[in-house]
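Student: Here you go, sequence then predicted model.
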Amino acid sequence: MSVGLSGHALPWANPPPSEVRDEQEQDQTTQATGNFQNDKFEFPKLDALGVAVGGRIEVKWLVEPDGEEAYFRWWGATIVGPSNQPDVERPAAPVYELLYDAHGDFEQERSHVVFIGEHKMHQLEETDELTWRREGDEWDDGCDEDEGSEDAEAEMEEGIRTDGDVLYTMADVKRMVQEDLAGQDLDELERQALQSLEPSKRIAVAAEFRDFADNLSEFLRERCGQDGVVTADDIKVFMESRAKKRRI
C-alpha cells in the first residue's frame, strides 16, 4: 500500500480521554524505571536506544524477488511517532509507526513496531523478530559474535547475497575447490598441467602458481579471518595489490 507523509491528521493527534489516562499512567511508570514495563516484559525508551521520533533507522529484511535469488537488505525507515495499534502479546509495550522508504518496485509502506532491544524489534504483522540499527551505523548481526544464531551460521555456510553482492565464506571456497578437483589431489593436477611444458618453463610456472596460491590464502586469512566472508571486492583488492607489486 502506498502512503505519503502528508494528508489527514495523524490518528494519535487527538486521543480519547481513556487513552490520555493510559498514557499518563505509562509515563509515570517510565519516569520511575527509565523503561516501559509490565509483569513480563521491559522495553527500552527511544532515547536509551539512541533514536527519536522523526529519526532514521534501517531494518534487515530478506528480499525474495520472483524467479531471482533472495538477498538481505538493510531497509531505510523513518520513526513517524507513537502508534494507536496495540501489541496484543505485550499490552503495555510502546508501539511506534514506521514509514519504510520506497525502493525499486517497492513503494513506501507504513508498519507498527515495538523496540525490544538495541538491535531487535517486533513488527506487529510479523511472526519473527526483526533486526534493526541506526541509519549510518556499520553494525551487522553477521559480525556480532554475541548475537549469533544457528540460522545465521547456516546462512554463512551456504553463502548469501547482501544488496546483490555474492558473499562466500572460507568454508565455501574450500568446498568449491574440492568439488572442482573431483577428488583429485592438487599436486597431482599441477604435475599433469606442467608435463606439457618445457623443463625451463615448467619450473617458472610452478613457482608462480605456488606463490599466487600461498599469497591469496594468506591475504584472505588476514583480511577475512579463518571463517570470514569472502566477497568479490576482496579478490579485486588482492589482484590490484598483486599487480602493483609486479610494477614495482
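Tutor: The structure has been received and is ready for your questions.

Student: quick one: terminal-to-terminal distance for stretch 79-97?
Tutor: Start and end residues of stretch 79-97 are separated by 6 Å (C-alpha to C-alpha, to the nearest Å).

Student: Name the residues of that stretch that are buried.
Tutor: For stretch 79-97, the neighbour count (16 or more other C-beta atoms under 10 Å) marks 79-80, 82-83, 85, 87, 90, 92-97 as buried. (Glycine included, C-beta is placed from N, CA and C.)

Student: what's the weakest-modelled helix or strand in this protein?
Tutor: Lowest on mean pLDDT, DSSP states H and E among the helices and strands of the chain sits helix 17-33, with a mean of 43.

Student: hmm, back to that, so which of the buried residues of stretch 79-97 would you say is closest to Lys45?
Tutor: Closest to Lys45 out of the buried residues of stretch 79-97 is Pro94 (8.0 Å), distances taken as C-beta to C-beta.

Student: can you give me phi and psi for the closest one?
Tutor: phi -80, psi 120 (degrees, to the nearest 10).

Student: picking up where we left off before, between which two of the buried residues of stretch 79-97 is the distance greatest?
Tutor: Val80 and Ala92 (20.8 Å).

Student: so after the helix or strand hosting Glu218, what's the next helix or strand?
Tutor: Glu218 belongs to helix 199-224 when assigned by DSSP states H and E. Tracing the chain C-terminally past helix 199-224 and defining elements by DSSP H and E, one meets strand 229-231 next.

Student: Packing partners of that next one?
Tutor: strand 165-169, helix 170-181 (3 or more C-beta pairs under 8 Å, 6 or more residues apart in numbering; DSSP states H and E).

Student: Partner strands of that strand, with direction?
Tutor: Strand 229-231 pairs in its sheet with strand 165-169 (antiparallel), by DSSP bridges.

Student: Show the average pLDDT along the partner strand.
Tutor: In this model, strand 165-169 has a mean pLDDT of 56.
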